[in-house]
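S.K.: Have a look at this prediction, sequence included:
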Amino acid sequence: MKKIFIAFGLFLISGVAVMAQHIEFEEFTLDNGLHVILQQDKSAPVVTTSVMYHVGAKDENPDRTGFAHFFEHLLFEGTENIPRGQWDKILGANGGQGNANTNDDRTYYYETFPSNNLQLALWMESERMYHPVINQIGVDTQREVVKEEKRLRIDNSPYGGIWEVIKKNLFTKHPYRWAPIGSMEHLNAATLDEFKAFFKKFYVPNNAVLVVAGDFDTKQAKEWITEYFATIPRGADVVKNQFVEDPITKQINDTYEDPNIQLPMLLNAYRMPSMKERDARVLDMISSVLSGGKSSRLYKRLVDKDKLALEAGSFNMGEEDYSAYVVYALPMTGKTLPEIQVVIDEEIAKIRTELISEREYQKLQNKFENAYVSQNATSEGVASSLAEYYLLYGDVNLINSEIDIYRSITREEIREVANKYLQPNQRLVLDYLPKK
C-alpha cells in the first residue's frame, strides 16, 4: 500500500509539472510575409527576442559552401544605424546577452534583455534584417574569424573531423554531405557580390519567423513590431530544392586518420528519416536505450561489464530532411575495434528482436518527460522551440503536443522501428585512427 501511495504521489507531481508547462502563444503574419509568434510569461522580468531564418548549409552552392555559417558571424558586424563593433557593447550596456547559431537547415539569432528593453531588441533585429552593412572590410574580418574557428574546432581538435567524414559517406546527393562550417577555399574565392546576393535571397521577412517570449505588454509589442518590421520589403519567394538519397543497402566501410589523436575510435552511423516523422521520435527513444548515458545498454556492456572500451556513447542529429544516428566507442588498451564491433552488433540485434523491459520503458518516459519540461524552462528555450516548431516542423503547437507523441510510442513500436532502420547493411562503419 505504501508503494501505491508513493507511485500515486509521483504521478501527481509529474502531472502538475506537465500541466504547468502548457504554453499559450499568439501568431500573426505581417503583409511582407514575416511570421510573428508572441508568448507572454510574466513570471520573470526578462524577455527574449529571436529571429530564425530558413537558411542553412543545405541551401548553399556546392562550390560556395560555408555561406550560412559565415553570415551568422557577418550579421554582427554592424548596420546603417549600429556602428561596426558596437553590437555587443549595446547588449552589455543594457543588461542583455545574445548569440547566434547555424546548422544545415536554419540560422538563429536571439537577445535576452530585462523586460524594459524589448523595444531595443526589436529595433536591433529589424536593423539586422533591413540595414546590415555588408562590405569588404566586414567580409575580410569575418573570413579570418571563421578560419580561426575551423582551425580550433576541426583542424586542430582531437576527433574534429568525425562529422565531416560521416556526412560525406551518408549523403551523396543531398547538401547535408558537407559541414556547415564549409570550405575555406570557397569562402576565400567568394566575391562581395556573391555574399550580397546570398543575403538578398535568404535573409528576407518571408523566409523568417520572429518570436518574442517572456515578460512584455502584448499591445505595445505589436505596435513596435509593426513599426520596425512591417516596412521591410518582402523578398522573392524562396524555393527549396528537394534531394532524395538512394537507400543504403550495403555496409559502407571507411577509414580516417587524425593527426590530433592517440586513441582510435570506432563509429557506426545510420541515415535516419526526417526529424518531423514519427519514426524519428521512436529512434530518439531507441538511441537512448542503446547509448544514452552510463546506464545505457552499450555503455554497461562495453565499459562496465566486458571492459572493452574506455568510453561509449552516441549522438543523434535530427534534421529537416534526413537525420543521422551515430554510435561511438574508444577501446581500452589492448582491445581492438573489431572486438567492440561484435558487442555493438549483439546489442543492436537484441533491440531489433526483443521487447525492451517495462522498467526500461518507464525510464524512457521519465527521461523524455524531464527533457520536455527542461527545454522550455526559460524564455530563451521557449523562443527557440517556438521558432523551430514553426519554421522546420510547420506546427507551432508541437511545443505542447510533442510529448504526447513520445508517450504514445509502445515497446512493440520500438522493436519494429529498430528492425527497420538498424540493419548492418544500412550503416557506415568508420575506423577513426591516429595518423601514422
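M.R.: Cool, the structure landed.

S.K.: and residue 96, what does it touch?
M.R.: Neighbouring residues of residue 96 by Cβ atoms under 8 Å, 6 or more residues apart in numbering: 90, 111-114, 117, 120-121. (Glycine included, C-beta is placed from N, CA and C.)

S.K.: ah, wrong one, I meant residue 117
M.R.: 47, 94-96.

S.K.: which of those residues tops the neighbour count?
M.R.: residue 47 (28 neighbours; other Cβ atoms under 10 Å).

S.K.: State the distance from that one to residue 385.
M.R.: Relative to residue 385, residue 47 is positioned 16 Å away (criterion: Cβ to Cβ, to the nearest Å).

S.K.: of all the contacts of residue 117, which comes closest to residue 281?
M.R.: Closest to residue 281 out of the contacts of residue 117 is residue 47 (30.8 Å), distances taken as Cβ to Cβ.

S.K.: pLDDT value on residue 270, please?
M.R.: Residue 270 carries a pLDDT score of 97 in this model.

S.K.: mind listing what the nearest residue to residue 226 once chain neighbours are set aside touches?
M.R.: Closest residue to residue 226 apart from its sequence neighbours, by Cβ to Cβ, 6 or more residues apart in numbering: residue 30 at 7.4 Å. Listed by Cβ under 8 Å, 6+ apart, the contact set of residue 30 reads 36, 205, 225-226, 229-230.

S.K.: Tell me, what's the model's pLDDT at residue 30?
M.R.: Predicted confidence (pLDDT) for residue 30: 98.

S.K.: so what's the backbone phi/psi at it?
M.R.: Here is the backbone geometry of residue 30 (degrees, to the nearest 10): phi -70, psi 160.

S.K.: Quick one: the contacts of residue 96 as CSV, columns for pLDDT too.
M.R.: Compiled in CSV, these are given as follows (pLDDT from 0 to 100):
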residue, pLDDT
90, 97
111, 98
112, 98
113, 98
114, 98
117, 98
120, 98
121, 98
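
S.K.: Highest neighbour count among these?
M.R.: Within the contacts of residue 96, residue 111 tops the neighbour count with 27 neighbours, counted by other Cβ under 10 Å.

S.K.: residues in contact with the helix or strand where that one lies?
M.R.: Secondary-structure assignment from DSSP states H and E places residue 111 in strand 107-114. Here strand 107-114 makes contact (Cβ under 8 Å, 6+ apart) with 45-53, 55-56, 68, 71-72, 75, 91, 94-102, 120-121, 124-125, 128, 214, 379-380, 383-384, 387.

S.K.: So which helix or strand of the protein has the lowest pLDDT on average?
M.R.: The least trusted helix or strand in the chain, going by mean pLDDT, DSSP states H and E, turns out to be helix 2-20, with a mean of 39.

S.K.: Which other helices and strands does the following helix or strand past that one contact?
M.R.: Sequence order places strand 26-29 as the next helix or strand after helix 2-20, per DSSP H and E. When contacts are defined as 3 or more Cβ pairs under 8 Å, 6 or more residues apart in numbering; DSSP states H and E, strand 26-29 sits against strand 35-40.

S.K.: how many other residues sit next to residue 228?
M.R.: Residue 228: 19 surrounding residues under other Cβ under 10 Å.

S.K.: what's the spacing between it and residue 75?
M.R.: From residue 228 across to residue 75, the span is 16 Å (Cβ to Cβ).

S.K.: again, but for residue 50
M.R.: Residue 50 sits 14 Å away from residue 75, going by Cβ to Cβ.

S.K.: what's the answer for residue 362, then?
M.R.: Applying Cβ to Cβ, the value for residue 362 to residue 75 is 46 Å.

S.K.: So between these two, which is more surrounded?
M.R.: Between residue 362 and residue 75, residue 75 has the larger neighbour count (other Cβ under 10 Å), namely 25 against 10.
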